[in-house]
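Asker: sequence isn't available, so here's the structure alone:
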Ligand SMILES: Nc1ncnc2c1ncn2[C@@H]1O[C@H](COP(=O)(O)OP(=O)(O)OP(=O)(O)O)[C@@H](O)[C@H]1O
Ligand SMILES: Nc1ncnc2c1ncn2[C@@H]1O[C@H](COP(=O)(O)OP(=O)(O)OP(=O)(O)O)[C@@H](O)[C@H]1O
Ligand SMILES: [Mg+2]
Ligand SMILES: [Mg+2]
């Protein structure tokens, strides 16, 4: 019995050997790599990605997919700011009080998730294509109302979470950590969390078992969007402004992290811890390539090749076919 | 019996009402829209996309996925040219004879497809993540060996297919047409074609029915890459050079076209004709937006919104839930 | 209640009343609408017209799954096991933490799961993914789940179709115990003797309509069959095949075949011979069948069809050598749900339906329509996706697929699982006929009815052939041999 | 190493390696580093992604960069990074773009607004304030594209109201430009001008579309469509010589590299600059909150000066 359990756990840990190899390589490439500063930087740079991965992993485990997260991470803070800053700073001219910005940002995330859920669950449209359409629409809205401008009049309260340090660590890293711990516990030890696996594994069976599949799916979609909005908030704080392209192109990395971390696109399989190792692995690879001073022309090819190799390594150490 | 058959066909035709609406809207926006010239242009602009969609639809129906097509469309012609043009024009300095360029381009497609197949079928890695890695590697290789430069010195023989006109139509349109007709016939009336559906529907049942699933899947992956290389050839001919970003960002549009055309990401469902209607719908939308002179800031939002609306229309007219 | 699927009427203004505390049987031919009724009674589907009440209260809203679960527990015909989750979790799905809103304690869950499973004779590690279970074990997990629920009304849709004798006995014991404590059952089965064994009332559906409801005691098997089929002819028994010619050539010869599940199996079957292999779930009989047809690799030994050696683990090779087969799990290896009936049935013979790799649609349709008629498949036509067929009719499609290639050797694993009595008769009639035409047949089953047409029945026990019975065996001796009680005596007789 | 900087290392981040212009910049950088005796760290490439840029800058800081040269394509999103660098007393030189907010020691750039303006003037004069012009805009989210678009639009509106502009957003993609041009030419066969914001991206595609549409006529032919480009890559010069296009704005890839490194080195050495003309045909201006910008000249290249050996497009590949 413990044998298979160990095995199941092992699958989540498939990336760990690859991460160990990366750590060693990193230390060899540049001693700076192992410095607390550098590792903290790697973590901080990955906070927004990891929140998106957390959201996407939930959605993937539940058997759906949400591409629009990469636009939500831009639109949610942009629109929230747009509602509070004056028109002269490319705002909408509504000028709501400053304290509303953060709740607004999160609320926008919720609304987007709920709308996705409406299209996917009520109108029964394909999640892939709905969220691909939404990805375009949301990005388009952001470019439309900001006229493609950067919003850089960001109130301090809005940038606080993304730039503060608590207990010597970036606040955003701690927030991510809490989010992941909550997610991992919920998915491992709570009925509602387990029901996500059941739905992703076989939605009919889950329904038959008394799970309110639609409600759970809707909740998952909303949580994912909410996390994307939170990520947008942190990113805005970290970068100091909201660019019209904030988050653009991230979704592929999100998938890469989730999938090399063992989350299946078919639903019902994978863990948040695995997804987190995926994020870390990708972050370390990029950091090492940067420190190593790889030729700018070859960096992309090498990056891709390392991902493929890490994948093969994970495949060998876990011994499991991937899907 | 004929009833369900009719119904199945109906599903493929789900986009036709949307296309009719688009035609009417287009005609209202600008009379030029309906001119033979304009419609030919729409077709020509979509030839490369449609070849990628053809390849991707085959792969999706077989239950796999190939993201790397968007890099193959750039790398295949770039590498083929690199092998024939002198180093001074950013070639590799090998300077093979000019006539080898086209066969080389197609061969490179085949090799990429075969390598994808090796990783997916032999090493049993997830198709999504393998081809995502390959997307990065292939694009990286192109940027690496061209040092990010445009290859402008394209021999005339290489641009011929992409720019010639046969019987008053662009040659590339005719090539696409032939490719689609062949594909549609093969998938509807040939053993190997039908076996793709069987594999996508239930690979184990297909194997148990004597289908050599691995061989078929490998062939499908190779054909898709070959089509991407062909698309790259046509695109190079149409645009007159190979940019380092040739094809970049296309894969989302490829999926959008395939999926709104009724091809399922779950495998086993959809037709090439449906996929083709998807390509046409997207092409018409873009054309109308251009003709209509929509504000550049809002064009993206409107484009996305129209896709969502077309999707809902297709859902209503076909009455079928999408997946 | 009325329910339509497109142009198909699945239920046509039917009604059923299940009295408190009784075991109520629901019978009917494949496609009569039984499972459709079940899906409506458990709130998975909405009827087009009609209503459901439980003890006088109207049924809960469709979205309120929890309320439905409190009213009724169910074993569905189609598996609701989630393969990626562990056995323990499948058993306690959506109630992993027994007190609501508290943490799940996996260890105690596993312990409890072990206990429950042990009482059903399922010997698996509850921490394994359910994907590792055999078809029978999965069925037992489903049953255990439904019965352990504490519901007062339990629906069982063909729970016994995938079970062997002792498991069925255990199930019935448990049902009797629960019934004694006041639980009500709605029981669906194609094994009519089971209905006589444990039910008090029976309702018959035919062609989506209600035909009769009557106390079981007042009916004979023949009148029940007559009600189901609408004709008075009773069940035919025995077979008409002439006995085997002595010089019939050997079609299948298996020697020294060995894998993890069985060892050192030797077997020959001659043209026109029907050989049965019986055995309990762990006997290795299913694995042996899979090895013969190329679904499973063996570690040593050979399989010859005629003079051709069949490469281990290659289905195309097996097909080419002339093997046709029905796999154990129709959903896994038997059917492509998205494809039509005709296409599924002709999948192995696409090379014969046209020239140069082309498939002539007319030819395919002709072949498919003939199969539909031959096997009595209830479908709206060859192009209907098999996912829309009733369970028994899906099984017939798998049978059609096996027969499509006019095989020299037919390997049938549980060929009549979920098939109604009359259809079973005709399927076995087909087996009889093809055997009469010179096909060698290997029937792997513990369903005694399936084994009756056999010229010879081998019994496997723990991976070895332990007994062989020529035609004329009695049920008792065969069952004893299957259970390993008196394997030696069986062989001696 | 050695020299005046005494081994202080300068970190350089390239914004992207997939455009001809930036590739020239990438080529020039180590070349001028040698010339200026600057110790260069291994340069990084942020692949047009501001998040990567931030990560790269942090890595270079950890590795001990004493000054950093960057070319942020998203000029708002580096505000925090600039603040952090300021805290750490690492001077920053930005190339090509000016940060919206935050401190930079020097901005080295040619005025993108001036590009748009120059193109507008040239087209306006050539077309005599009438006709129809197609403009290939870059990505709307890129500041350089936006500056060019805005300057072009306002100049046209103000000085050449007789000209109709068709703005085509292309995301810096040649396929989109080609499709848009083809459609426009069908809709308005009398198009007589094209402004492309990046010759490296659109040149080949534009010529190919015109060729297939039978509308590629040499300069001088009355049917010629006047084309103004931007970048100054060798292929554009080639086309100017052949009479296929009329003009391009030469973005000074070489000066970018040279002066960026020059100022980075000066920053380490603690030199201070003041607004006013420089010794290299440019002017330093103050662009607000103490940030200085050296506005390098970006010459308009036409048939008349296309063979000027000083143009960077004439220096590479030779
Ligand atoms: N049946 C199961 N299905 C899914 N996950 C499980 C299952 N059993 C255990 N786990 C996972 O294993 C982890 C720890 O499980 P468990 O509660 O058994 O730990 P433990 O009691 O500390 O260990 P042990 O049982 O070995 O003493 C959790 O993350 C939980 O998600
Ligand atoms: N999802 C569906 N789509 C289309 N038709 C369906 C669907 N489900 C059931 N049917 C049709 O409804 C009818 C009744 O099917 P049902 O499954 O209720 O039969 P059943 O009595 O349970 O048969 P069996 O004994 O074979 O299980 C059949 O004709 C079947 O083809
Ligand atoms: Mg049924
Ligand atoms: Mg424990």
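Answerer: The structure has been received and is ready for your questions. Quantities reported herein were computed from a predicted structural model and do not represent experimental measurements. Ligands and ions are numbered 1, 2, ... in the order given.
Asker: show me what contacts the residue nearest the centre of chain D?
Answerer: Central residue of chain D (CA atoms, centre = their mean): residue D:251, 5.0 Å from the mean position. Going by CB atoms under 8 Å, 6 or more residues apart in numbering or on different chains, residue D:251 touches D:21, D:110, D:115, D:230, D:231, D:232, D:298. Just so you know, the C-beta spots here come from the backbone N, C-alpha and C atoms, and that holds for glycine as well.
Asker: between those residues, which sits nearest chain B?
Answerer: Nearest to chain B, judged by CB to the nearest CB, of the contacts of residue D:251 is residue D:21 at 10.0 Å.
Asker: measure the residue nearest to the centre of chain D to residue C:367 for me?
Answerer: Taking CB to CB, to the nearest Å as the measure, residue D:251 and residue C:367 are separated by 70 Å.
Asker: swap in residue A:149?
Answerer: Separation of residue A:149 from residue C:367 (CB to CB) stands at 67 Å.
Asker: could you give the mean pLDDT of stretch C:310-326?
Answerer: Mean pLDDT, stretch C:310-326: 92.
Asker: distance of residue C:355 relative to residue B:34?
Answerer: Distance, residue C:355 to residue B:34, by CB to CB: 43 Å.
Asker: I meant residue D:83, not that one.
Answerer: Noted for residue D:83: a distance of 57 Å to residue B:34, by CB to CB.
Asker: so for these two, which sits in the more crowded spot?
Answerer: Each of residue D:83 and residue B:34 has its neighbours counted (other CB atoms under 10 Å in any protein chain shown); residue D:83 has more, 15 against 12.
Asker: per-residue confidence at that one?
Answerer: The model reports residue D:83 with a pLDDT of 89.
Asker: please apply the same query to residue A:322.
Answerer: Model confidence at residue A:322, given as pLDDT, is 66.
Asker: backbone phi and psi for the closest residue to residue D:110 other than its chain neighbours, please?
Answerer: Once flanking residues are discounted, residue D:110 sits nearest to residue D:298: 3.8 Å by CB to CB, 6 or more residues apart in numbering or on different chains. As for residue D:298, its main-chain torsions (degrees, to the nearest 10) stand at phi -120, psi 100.
Asker: which one is residue D:83 nearest to, not counting chain neighbours?
Answerer: Of all residues beyond its chain neighbours, the one nearest residue D:83 is residue D:102 (5.7 Å), with distances taken as CB to CB, 6+ apart.
Asker: to clarify, my last question referred to residue D:31.
Answerer: Nearest in space to residue D:31, with sequence neighbours left out and distances taken as CB to CB, 6+ apart, is residue D:257 at 7.4 Å.
Asker: what sits up against the helix or strand where the one you found lies?
Answerer: Here residue D:257 sits within helix D:253-268, counting by DSSP states H and E. By CB under 8 Å, 6+ apart, the residues outside helix D:253-268 that reach it are D:4-5, D:8, D:10, D:12, D:21-22, D:24-25, D:28-29, D:31-33, D:35-36, D:38, D:40, D:66-69, D:91, D:93, D:95-96, D:105-106, D:108-110, D:232, D:273, D:280, D:294, D:296, D:312, D:315.
Asker: let's see 7 Å
Answerer: Residues from elsewhere that reach helix D:253-268, judged by CB atoms under 7 Å, 6 or more residues apart in numbering or on different chains: D:5, D:8, D:10, D:21, D:24-25, D:28-29, D:32-33, D:36, D:38, D:66-67, D:69, D:91, D:93, D:95-96, D:105-106, D:108, D:294, D:296, D:312, D:315.
Asker: ok, stretch C:107-114 next?
Answerer: With contacts defined as CB under 7 Å, 6+ apart, stretch C:107-114 is touched by C:87, C:88, C:91, C:92, C:96, C:126, C:127.
Asker: give me that answer again for 8 Å
Answerer: Residues outside stretch C:107-114 that contact it (CB under 8 Å, 6+ apart) are A:1, C:87, C:88, C:89, C:91, C:92, C:96, C:126, C:127.
Asker: for chain C, give the residue positioned nearest to ligand 3.
Answerer: Using CB to the ion, the single residue of chain C nearest to ligand 3 is residue C:35, 3.0 Å away.
Asker: what about that residue, distance to residue C:141?
Answerer: Residue C:35 is 19 Å from residue C:141, by CB to CB.
Asker: where in the chain is pLDDT low?
Answerer: No chain was given, so I picked chain A. For chain A, applying pLDDT under 70 flags the ranges A:1-12, A:319-323.
Asker: my question was about chain C
Answerer: Within chain C, the stretches with pLDDT under 70 are C:98-101, C:232-240, C:486-493.
Asker: scan it for its longest strand.
Answerer: Longest strand in chain C, counting residues (DSSP state E): strand C:250-258.
Asker: any buried residues in that one, and which?
Answerer: Residues of strand C:250-258 classed as buried by neighbour count (16 or more other CB atoms under 10 Å in any protein chain shown): C:251, C:252, C:253, C:254, C:257.
Asker: which is the next helix or strand following it?
Answerer: Once strand C:250-258 ends, the next helix or strand along the chain (criterion: DSSP H and E) is strand C:265-270.
Asker: what packs against that following strand?
Answerer: Judged by 3 or more CB pairs under 8 Å, 6 or more residues apart in numbering or on different chains; DSSP states H and E, the packing partners of strand C:265-270 are strand C:250-258, strand C:440-444, strand C:464-470.
Asker: include distance to residue D:170 when you put those into a markdown table, please.
Answerer: Below are the helices and strands packed on strand C:265-270 laid out as a markdown table (distance: least, CB to CB, whole Å):
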| stretch | distance to residue D:170 |
| --- | --- |
| strand C:250-258 | 67 |
| strand C:440-444 | 65 |
| strand C:464-470 | 74 |
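Asker: which of those sits closest to chain D?
Answerer: Chain D lies closest, by CB to the nearest CB, to one member of the helices and strands packed on strand C:265-270: strand C:250-258, at 57.0 Å.
Asker: so what are the sheet partners of that closest one and their directions?
Answerer: Strand C:250-258 has the following strand partners under DSSP bridges: strand C:265-270 (antiparallel), strand C:300-305 (antiparallel).
Asker: just want the angle from that strand to strand C:440-444.
Answerer: Interaxial angle of strand C:250-258 relative to strand C:440-444 (axes from the mean of the first three to the mean of the last three CA atoms, to 10 degrees): 40 degrees.
Asker: how close does the residue of the stretch 101-250 of chain C found nearest ligand 1 get to residue C:97?
Answerer: Here the residue of the stretch 101-250 of chain C nearest ligand 1 is residue C:106; by CB to the nearest ligand atom that distance is 3.6 Å. Counting by CB to CB, the separation of residue C:106 from residue C:97 is 10 Å.
Asker: and the closest residue to residue C:251 other than its chain neighbours, what does it touch?
Answerer: Computed as CB to CB, 6+ apart, the closest residue to residue C:251 that is not its neighbour in sequence is residue C:440, at 3.7 Å. Contact partners of residue C:440, counting by CB under 8 Å, 6+ apart, are C:251, C:252, C:269, C:270, C:271, C:272, C:273, C:274, C:275, C:408, C:409, C:410.
Asker: hey, what's the third one bridged with?
Answerer: Each beta-bridge partner of residue C:269 is listed here, defined by DSSP bridges: residue C:252.
Asker: quick revisit: need the strands paired with strand C:250-258 in JSON lines (columns: distance to residue B:183 and mean neighbour count).
Answerer: Formatted as JSON lines, the entries for these read as follows, by distance: least, CB to CB, whole Å; neighbours: other CB atoms under 10 Å in any protein chain shown:
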{"stretch": "strand C:265-270", "distance to residue B:183": "44", "mean neighbour count": "18"}
{"stretch": "strand C:300-305", "distance to residue B:183": "37", "mean neighbour count": "18"}
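Asker: wait, which of those is closest to ligand 2?
Answerer: strand C:265-270 (30.3 Å).
Asker: what's the angle from the following helix or strand past that closest one to strand C:265-270?
Answerer: On the C-terminal side of strand C:265-270, the closest following helix or strand by DSSP H and E is strand C:274-279. Inter-element angle recorded for strand C:274-279 and strand C:265-270: 150 degrees (by the same axes, to 10 degrees).
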